[in-house]
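Just the structure for this:
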Amino acid sequence: MSDKNADTAGNDYEASLAESNREQARFDEPAASPIDRLRNILHGNPTLVPIIVLLASVIAFGFVAGGRFFSPFNLTLIMQQVSIIGMLAAAQSLVIITAGIDLSVAAIMVLISVIMGNLAVYLGVPAPLAIIIGFAGGASAGALNGFLITKIKLPPFITTLGTWNVYYALDLWLSGAQSIRSQDIDAEAPLLKFFGEAVQIGSARLTYGSILMVVTFAALWFLLNKTAWGRHVYATGDDKEAAELAGIRTDRTLVSVYMLAGLVCALAAWSSIGRVGSISPQAFYEGNLQSITAVVIGGISLFGGRGSVLGALFGALIVGVFQSGLRLAGVDVLWQVFAIGWLIIIAVAIDQWIRKAAA
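Below you'll find the predicted structure:
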C-alpha cells in the first residue's frame, strides 16, 4: 500500500472514530425531562409567564366575581387604573434590563407635573411650551442619574435613592407643598388634562391615557427589539465587560437609557394630570415600588439582559386584575396587598428557576 493510500485510510479511520465518539456522547447524554424542556421554553420566551398568569387571573376572577368582572366598564376601568403605574413601569423596565434600578421614576414624574402646572397655570406660559419644557426637564433628570452612575461610578440603587430625595424636595419647594386645583387647570391650561378625556364605546370608557400607555410600550418594544440601540441595551445588561470588548460604548448606552426613562416619566406626568384632574406634590408616593412590582411580575430579570418590555405591561395589568377581582369579591384591602406581595415573591422565584436554563 502506498503512503498516500495509508494516509487516506488513517484519516478515514480517525473521522469514523470521532463520529463514533460523538454518537456515543449523544447516547450518554440524559434525555431532557419535561420540566427542563418547559424551563428552556420559558427562558427563550420570558413574556410567556406573565401572559399565562394574566389569562389565568382573568378567568379565575371571572368565576369568583361573576359577570361584573367581565363587564366592558370594569375591564376598561382596570386599564385606566394601571395607566400611570404602567407608564412608570415602562421607564423602570428600560433601566432594569441594563441590570440597574431607578428609585426616582415617580419623583421625576411628580416633579415634572408640578413644573408643567406652575408654568402653564401660574406663570402664563402657553401649555404646549410648558409641556415641552417638562419633557426637557424629565430627560435632564434621567441624564443626571445616568451621569452619576457612569461617570462618578456610583451604584444605581444608591444614586437613584439619593436623586429620589432631591427631586422630591424640589417638588415640594416649587409647589410650596400646595396642590394645583382642577378648576385652575381648566381655566388656564386645559391641554394639561388632555389624557384624562375618553372615548365612550357603549358602557366601556377608554381614556386617552390608557391608549398612550399601550402606544408607549409598543414604541419601546420596537426600539429594544428592532434597532441596534436596543441590542446594545440588552448586551450591556447581560454582560457589560463583554459588551465593551465587542465595541459597544456602554456608558453612552446607559446614559441614553436613563434619559429615555426620564422622558417617559415626563410623558407619564402629563398623563397623570388628566388621570387625577389636579396636580399634587405628594401624589403617587409609592409609584417607585409599584413600578418595580409590575416589572418583576412581568418577567423582566432583575439581573439584567433578559425579558421583554411588554412583560411590564402584562405585569401592571396582572396587578390591576388582582386588585379589581379581589375588590369585587369583597376581599379586604389588607389581603389585596398580601396577595400582591406573594405575587412578587413567586415571580422572583420563577425568574431564578428559569435562569438555571442558561447555566
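
Output stretch 168-186 as CSV, restricted to C-alpha atoms.
In CSV, the C-alpha atoms belonging to stretch 168-186 read as follows (Å, rounded to 0.1, in the frame of the first residue of the first chain):
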residue,chain,number,x,y,z
TYR,A,168,-39.0,65.1,45.9
ALA,A,169,-37.5,68.1,47.8
LEU,A,170,-37.5,70.2,44.6
ASP,A,171,-41.1,69.2,44.0
LEU,A,172,-42.2,70.4,47.5
TRP,A,173,-40.2,73.6,47.1
LEU,A,174,-41.6,74.5,43.7
SER,A,175,-45.1,73.7,44.7
GLY,A,176,-44.9,75.2,48.2
ALA,A,177,-46.4,71.8,49.2
GLN,A,178,-49.7,73.0,47.7
SER,A,179,-51.8,71.3,45.0
ILE,A,180,-53.0,73.0,41.8
ARG,A,181,-56.7,72.7,41.7
SER,A,182,-58.7,71.1,38.9
GLN,A,183,-60.7,74.3,38.2
ASP,A,184,-57.5,76.4,37.9
ILE,A,185,-56.1,73.9,35.3
ASP,A,186,-59.4,74.0,33.4
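
Tell me the first helix or strand C-terminal of the helix or strand of the chain with the lowest mean pLDDT.
When the helices and strands of the chain are scored by mean pLDDT, DSSP states H and E, helix 3-28 comes last with a mean of 51. Downstream of helix 3-28, the first helix or strand assigned by DSSP states H and E is helix 34-44.

In terms of secondary structure, what does that next one contact?
Using 3 or more CB pairs under 8 Å, 6 or more residues apart in numbering; DSSP states H and E, the elements in contact with helix 34-44 are helix 48-65, helix 333-355. Glycine gets a C-beta too; all of them are placed from N, C-alpha and C.

And that helix, how far out from the chain middle?
23 Å (CA atoms, centre = their mean, to the nearest Å).

got it, and stretch 167-174?
Its chain's C-alpha centre and that of stretch 167-174 lie 25 Å apart, by CA atoms, centre = their mean.

May I see the buried residues of that stretch?
Neighbour counts using 16 or more other CB atoms under 10 Å place 167-168, 170-172 of stretch 167-174 among the buried residues.

and it, what's its mean pLDDT?
Stretch 167-174 shows a mean pLDDT of 94 in the predicted model.

what sits up against that stretch?
104, 107-108, 110-111, 114-115, 118, 141, 281 (CB atoms under 8 Å, 6 or more residues apart in numbering).

Leaving out sequence neighbours, find the closest residue to the residue positioned nearest the centre of the chain.
The centre of the chain sits closest to Ser93, judged by CA atoms, centre = their mean, with a distance of 3.1 Å. Distance criterion CB to CB, 6 or more residues apart in numbering; nearest residue to Ser93, sequence neighbours excluded, is Ala312 at 4.1 Å.

just checking, what packs against the helix or strand encompassing that neighbour?
Per DSSP H and E: Ala312 is located in helix 309-328. Counting contacts by 3+ CB pairs under 8 Å, 6+ apart, helix 309-328 packs against helix 48-65, helix 72-97, helix 208-226, helix 287-297, helix 333-355.

do you know which of these lies nearest Pro128?
Distance to Pro128, taken as CB to CB, is lowest for helix 208-226 among the helices and strands packed on helix 309-328, at 16.2 Å.

The closest one to helix 309-328, inter-axis angle?
150 degrees (axes from the mean of the first three to the mean of the last three CA atoms, to 10 degrees).
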